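>>> what follows is a predicted protein model with its sequence.
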Amino acid sequence: MFSDKDIARFRAETDGVQKVIHFNNAGASLPSNIVRDTVIDFLKEEATIGGYEIQMKRADELDSTYDSVARLINAQSKEIAIVENATAAWNAAFQAIDWQEGDEIICNRPDYASNYLAYLHHPKKPIIKVIPNNENGDEDLEAFEKLFSAKTKLVSITHMPTNSGHLAPAEQIGEICKSKGVLYLLDACQTVGQYPIDVEKIQCDMLSATGRKYLRAPRGTGFLYVRESVLPKLTPYTVDLHSATWTGEQTYEIREDARKFENWEGNRANQLGLKVAADYAYEAGLENIWQRVQVLATQLRDGLRKMEHIHLQDQGIELGGIISFTVDGMAAPDVMFWLLDRGINLSWNGVPNTYLDMTAKGLKEIVRACVHYYNTEEEVSLFLKAIEELGS
C-alpha cells in the first residue's frame with residue numbers, strides 16, 4: 001500500500017493535479033511530468049535533426065518499449081505490437097482470425113460498442129452469444145460454459161466496461177476457455193495500469209489496451225498482446241513493408257512476431273512516452289495501484305450511497321475505479337459541465353457506449369467519476385460536497 005509520502009511524490013510529479021481535481025481517468029489520465037517531458041523533448045529533437053534521423057539515433061530506446069510493456073503484463077517482447085489505441089489493437093486481433101460462416105462469438109453483457117459493432121459489421125456475420133449475469137451483476141460462469149458449441153471460435157471479454165467499475169472474472173473465464181480450446185481475447189482498455197494484469201494467470205490468447213487511460217501514457221498510444229503459440233494462427237487483415245517483406249514479383253513473407261500487426265509509420269515521441277509510462281506504473285507497483293484505487297473508489301461510493309438524490313449503478317462483487325451513478329432530475333451531461341465549472345473533471349456515458357448493459361439496467365445515461373492512485377481523500381471529499389449541493 002502506498003504511504004502518504006508516496007502519494008505526495010506522485011502528485012509532485014504530476015503538475016496537472018495543481019490545476020484540477022481529475023476524476024476522468026477512464027477517459028484520459030493526467031500523465032506524469034516525466035511522460036510529458038519525454039514526449040516534448042523527443043519532438044524538439046525531431047524538429048531539430050529530422051524524424052527518421054532521431055528514430056535511428058534512439059532506435060534502442062524506442063525498441064525497449066516492447067520490453068517495458070511486456071514486463072507490465074508478464075509477457076514476452078515479441079508478443080507485443082505497438083499501435084495507436086485499444087480499438088486498433090482489438091481489431092487487429094479480431095480481424096486476423098479465420099472466420100467462417102456459422103462461427104460463434106461469446107461475449108459479456110458490458111461489451112464495448114466498438115467491439116460489438118465489429119461483430120455486427122463482419123462480412124461472415126458470426127453468431128453472437130452473450131453471457132448472462134448473476135443477480136449480483138457478475139458473469140454467470142455456469143451459464144457461460146453451456147454457451148460453447150463446436151462452432152465457438154472466440155470468447156471476447158471486456159475486462160472492465162466504460163460504464164461502470166464492474167470487473168469481469170477474467171482468470172476464471174481463461175480457465176474455461178483453455179479447457180474448451182477456444183481463443184480468448186481480453187479487452188483490457190480500462191484495466192491496464194489500474195489492475196495487476198498477468199497474461200499467464202488470465203490465460204488469454206490476445207489482449208488489447210490503450211495508453212491514455214489508467215496507464216497515464218500519451219493519447220494516441222496502445223498495444224496488442226498475442227501469445228507466442230497463437231501468432232502463427234493469425235493472419236493480419238492488412239500488411240505493409242513493416243509487417244511483411246516483398247520477396248518476389250508474386251511473393252511476400254509476413255513477419256512472425258506480434259509486430260506483424262503494426263504498420264511502418266507511427267508517433268515515435270508518443271511511443272517513447274508509452275515506454276516511460278509503463279515503467280512508471282511498474283515501479284509504482286500494480287498491486288499497490290489497485291489497492292489505492294479501491295480505497296478511493298470505496299470512499300466515493302460510500303459517500304454517494306448516503307445521498308437520496310444519487311443512485312449508484314455499478315454492479316458486481318469486485319469493483320474498480322470507475323464509479324457510475326445518476327442524479328435525480330439532472331441529465332448526465334449537465335452534471336459533467338456543472339462540475340467542470342467547479343474545477344472537477346469527469347465524464348458521462350449514454351446507451352450507445354454499452355448498449356446491452358445499459359438497456360438491461362434500464363438506463364439512458366450515467367455520470368462517470370473515475371479515481372486513480374494520485375487522487376486524494378481530500379479530493380474525494382470535495383467532490384462529494386459538490387455532488388451534495390445538487391440535491392439542495
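Sure, I can see it.

>>> chain center to stretch 90-104: distance?
Counting by C-alpha atoms, centre = their mean, to the nearest Å, stretch 90-104 is centred 21 Å from the centre of its parent chain.

>>> okay, now it: how far is its last residue from its first?
17 Å (C-alpha to C-alpha, to the nearest Å).

>>> and what of stretch 175-189?
Terminal residues of stretch 175-189 are spaced 21 Å apart (C-alpha to C-alpha).

>>> may I see the buried residues of that stretch?
By neighbour count with 16 or more other C-beta atoms under 10 Å, stretch 175-189 contains the buried residues 176-177, 182-189. In short, each C-beta sits where N, CA and C put it, glycine included.

>>> show me where the stretch 151-300 of the chain has its strands.
Using DSSP state E, counting those that start in this stretch, the strands of the stretch 151-300 of the chain run over 152-158, 183-187, 206-210, 222-226, 244-248, 251-254.

>>> quick one: which of the ones you listed is nearest residue 11?
Smallest distance to residue 11 across those (C-beta to C-beta): 23.2 Å, for strand 206-210.

>>> how big is the angle separating the closest one from strand 183-187?
Strand 206-210 and strand 183-187 are oriented at 10 degrees to each other (axes from the mean of the first three to the mean of the last three C-alpha atoms, to 10 degrees).

>>> any chance of the buried residues of stretch 175-189 in JSON lines with pLDDT and distance to residue 310 as columns?
Below are these laid out as JSON lines (pLDDT from 0 to 100; distance: C-beta to C-beta, whole Å):
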{"residue": "176", "pLDDT": "98", "distance to residue 310": "37"}
{"residue": "177", "pLDDT": "98", "distance to residue 310": "38"}
{"residue": "182", "pLDDT": "98", "distance to residue 310": "41"}
{"residue": "183", "pLDDT": "98", "distance to residue 310": "41"}
{"residue": "184", "pLDDT": "98", "distance to residue 310": "37"}
{"residue": "185", "pLDDT": "98", "distance to residue 310": "35"}
{"residue": "186", "pLDDT": "98", "distance to residue 310": "32"}
{"residue": "187", "pLDDT": "98", "distance to residue 310": "29"}
{"residue": "188", "pLDDT": "98", "distance to residue 310": "29"}
{"residue": "189", "pLDDT": "98", "distance to residue 310": "27"}
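
>>> ok, so of those residues, who is nearest residue 109?
Proximity of the buried residues of stretch 175-189 to residue 109 was ranked by C-beta to C-beta; the top entry is residue 187 with 13.4 Å.
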